[in-house]
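>>> Pasting a predicted model and its sequence here:
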Amino acid sequence: MKLYVKYMVSLRCKMKVKEELTKLGLHYVIVDLGMVEILEGITTEKRELLKNKLLESGLELMDDKKSILIEKIKSVIIEVIHYSDEIPKEKYSSYISNKLNYDYTYLANIFSEVKGITIQQYIIKHKIERVKELLLYNELTLTEISYRLNYSSVAHLSNQFKKITGLSPSYYRGLKQNRDQNLENM
């Protein structure tokens, strides 16, 4: 049986869900971003207990089919941008469509209707968050980050970064370096 969990976007969230399932005596096969597969059926009473326990941790057990589909879309995007070593070379629209076995236009329409932004805007926001993360680690050059996140050029990445954050990538990286130097000089 599959259950869908909203706001489940990190390893910590996965651990919390596993913990709650174990406490309720439910045996899971898979606990993935946004989705849990359990071996047995779940009683209404246990479902309600799980729902309440997850809510205490900021997670939400979902019933609505549109919400479930939105969470699946978000999970695919988060997983590929934040947790995958390599961004797919195919267009995101094709990747998401193939991964979820739905027509992309259908997914895009539902996503926009429910979230109020396009899937593309959501992807861009997550790519910029990933760029910020990689800039702060200071292990990769901007060219390497651009390549890793499948930008057409460093200029495209820089323009998108500045549009979203109001800062250039190099200025953003410099803020962290200045802060680190100030801490060292204390």
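Yes, it's here.

>>> Setting aside sequence neighbours, what's the nearest residue to the residue most central in space within the chain?
Of all residues in the chain, the one closest to the mean position by CA atoms, centre = their mean is Ile78, 2.4 Å from it. In space, Ile78 comes closest to Val9 once its chain neighbours are excluded; the distance is 5.5 Å by CB to CB, 6 or more residues apart in numbering. In short, each C-beta sits where N, CA and C put it, glycine included.

>>> I'd like the distance between that neighbour and Tyr83.
10 Å (CB to CB, to the nearest Å).

>>> more neighbours, these two?
Val9 (19 against 12; other CB atoms under 10 Å).

>>> Relative to Gly34, how far out is the more buried one?
Distance from Val9 to Gly34, by CB to CB: 8 Å.

>>> if we can go back for a sec, hang on, the residue nearest to the centre of the chain in a strand?
No. Per DSSP: H, G, I helix; E, B strand; the rest coil, Ile78 lies outside any strand segment and is helix.

>>> for this structure, where's the lowest mean pLDDT among helices and strands?
Least confident helix or strand, the chain: helix 169-184 with a mean of 72, by mean pLDDT, DSSP states H and E.

>>> for the residue nearest to Ile78, helix, strand, or coil?
Using three-state DSSP, the structure places Val9 in coil.

>>> same check, this time on Val36
Classified using three-state DSSP, Val36 is strand.

>>> what helix or strand does Gly164 sit in?
To be clear, residue 164 is Ile; Gly isn't right here. helix 154-165 (DSSP states H and E).

>>> What are the buried residues along that helix?
Residues Val154, Leu157, Ser158, Gln160, Phe161, Ile164 are the ones in helix 154-165 that count as buried (16 or more other CB atoms under 10 Å).

>>> Which residue is the nearest non-sequential neighbour of the third one?
Okay, so that is Ser158. Using CB to CB, 6+ apart, the nearest residue to Ser158 is Pro169, at 5.6 Å.

>>> returning to what we had before: quick check, nearest of the buried residues of helix 154-165 to Leu59?
Relative to Leu59, the closest of those is Ile164; by CB to CB it sits at 27.0 Å.
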